[in-house]
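Novice: this is a predicted model, with the sequence first.
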Amino acid sequence: MPIQRRNAATLSSVTRQIEDFERRYGIETDSFIARRGCVAEVDGEDGTEWLYLAEQLRVLREAAVECLYSSASQADLLQNDESSPELLAA
Amino acid sequence: MMKVRPNFSLREMEYAEYEAWFRQKYDQVSLEPGCVEIGPFLDPTPRDKPPWKLDWCVRFPDGKYLQIKERWFPRPIRLGGRGYRKHFSFHYGEANCIYDSEGVPLKGGDAYPTIIRIDDDAYGPHLHFNGEDHIIPNRVKGLAIPDAELFDFFSAVAECRASGRAFDKTMKFKVAP
């Protein structure tokens, strides 16, 4: 069987899965992420899966913030670059 | 061409290295007739960076199954940001006849006993073997649990199935009392 990929993880798909865990186990992923490096609050296989989702959530959020930040800086740069009107027009 | 690392005791990789390594080893795998394979699924988080995960399951025609999971996390950016294997689980045992949506047998407790499972999870590295759970590494001689390599495990399963020998004899480890 060929090696496959599932649908790429997105911020919303990971958030949905995290919310399922939070409902099932009464946990708060955000407070776990804030503490970083603490022992898992969910045992066994589910615990491993939740830790992985929490890490995905953290990384995807960082990427989203980076993306926002870089678009904002690019826009600022273009607006301030009076020497390149054609670039602004583009 | 990406250089493929020959040894799984390597602690850090980029996703592309891991995928190249996996593909190279997977190409050498042959399954016995009648097996049902689910995956392997290689799932990087977008932009082909850590974290990523591997899930692979093989159901054998005699009602047993093999399940392999690896979870790779990112090192902090100041340490290079490469992936390292934080958790894994290599399982072989009796298969529940009820499957999840992908076809992987559900865990069924004592009715579907584990024959062997090598884990590194929130409990740290440990072994499930001969009906005993959570055997700590310093009781296991001849098997470096944190460095366990999935294709070595796969080969051991194939060899044990073909020869009927026990896993400790095939993998050359001993569990101290």
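Specialist: Yes, it's here.
Novice: helix or strand: which one has B:E32?
Specialist: Under the criterion DSSP states H and E, no helix or strand holds B:E32.
Novice: now for it: which residues touch it?
Specialist: B:60-61, B:158, B:161 (C-beta atoms under 8 Å, 6 or more residues apart in numbering or on different chains). No exception for glycine: its C-beta is placed from N, CA and C like everyone else's.
Novice: please apply the same query to B:P177.
Specialist: B:P177 neighbours (C-beta under 8 Å, 6+ apart): B:R139.
Novice: repeat that for A:E55.
Specialist: Contacts of A:E55 by C-beta under 8 Å, 6+ apart are B:51, B:73-74.
Novice: switch the cut-off to 7 Å
Specialist: By C-beta atoms under 7 Å, 6 or more residues apart in numbering or on different chains, the contact set of A:E55 is B:51, B:73.
Novice: so how far is B:W21 from it?
Specialist: The gap separating A:E55 from B:W21 is 21 Å, by C-beta to C-beta, to the nearest Å.
Novice: cool, B:H87 as well?
Specialist: 18 Å.
Novice: likewise A:I18?
Specialist: Distance from A:I18 to B:W21, by C-beta to C-beta: 30 Å.
Novice: for B:R165, same thing?
Specialist: 28 Å.
Novice: the two - which one has more neighbours?
Specialist: Neighbour totals were compared for B:R165 and B:W21, and B:W21 leads with 20 against 13 (other C-beta atoms under 10 Å in any protein chain shown).
Novice: can you map out the helices along chain B?
Specialist: Remark: helices assigned in chain B by DSSP state H are B:15-26, B:150-163, B:167-170.
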